[in-house]
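> what follows is a predicted structure for the sequence shown.
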Amino acid sequence: MKRRFLNFESAYLKLKNFSLLINQLVFFTMCERLLMQQQKLTSLYTLMFFNVIIYCVAYVKVMFPKSSCFPSCYKLSV
């Protein structure tokens, strides 16, 4: 039984995105149960909001790398 659990744990930790999503979901659900007992499913909305914000920040980083934002500064230093 213990060996099976260790295999599951190592497989879970290898899937970085999945384990991060599950950890966030558990954290927000626990916060919801402790802090907002009257409102249901606010943790899922909060998790979705933060994931959209992180996706937008990553998209902006890809679309506008540092070298293309200020090309004149790099030309002066060369």
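Arrived safely.
> confidence-wise, which helix or strand of the chain is lowest on average?
helix 71-77 (a mean of 55; mean pLDDT, DSSP states H and E).
> can you map out the strands along this protein?
In the chain, no segments count as strands under DSSP state E.
> max-length helix in it?
In the chain, taking DSSP state H as the definition, the longest helix is helix 42-63.
> by contact count, what packs against that helix?
When contacts are defined as 3 or more CB pairs under 8 Å, 6 or more residues apart in numbering; DSSP states H and E, helix 42-63 sits against helix 16-35. The way it works is simple: take the backbone N, C-alpha and C, and place the C-beta from them, glycine included.
> next one: Leu25 from Leu15, what distance?
Distance from Leu25 to Leu15, counting by CB to CB, to the nearest Å: 14 Å.
> pick out the residue closest to the middle of this protein.
Centroid check for the chain by CA atoms, centre = their mean gives Asn51 as the closest residue, at 5.7 Å.
> ok, that residue - contacts?
Under the criterion of CB atoms under 8 Å, 6 or more residues apart in numbering, Asn51 has no contact partners.
> so for it, what's the pLDDT?
We have a pLDDT of 81 for Asn51.
> go on, the one 4 residues further on?
Confidence per residue is given as pLDDT, and for Tyr55 that number is 85.
> cool, and Ser10?
pLDDT for Ser10: 80.
> please apply the same query to the one 5 residues further on.
In the prediction, the pLDDT value recorded for Leu15 is 81.
> with Phe49 as the reference, measure out to it.
23 Å.
> do the same with Leu13
Distance of Leu13 to Phe49, given as CB to CB: 26 Å.
> ok, now Val26?
Applying CB to CB, the value for Val26 to Phe49 is 17 Å.
> thinking again about what came up before, now the longest helix of the chain: buried residues?
Neighbour-count burial for helix 42-63, counted by 16 or more other CB atoms under 10 Å, picks out 43, 47.
> ok, Cys31 touching Leu44?
No. Here Cys31 does not reach Leu44: they are 11.9 Å apart, not a contact under CB atoms under 8 Å.
> would you pull up how far stretch 39-53 lies from the middle of the chain?
Chain-centre distance of stretch 39-53: 12 Å, with CA atoms, centre = their mean, to the nearest Å.
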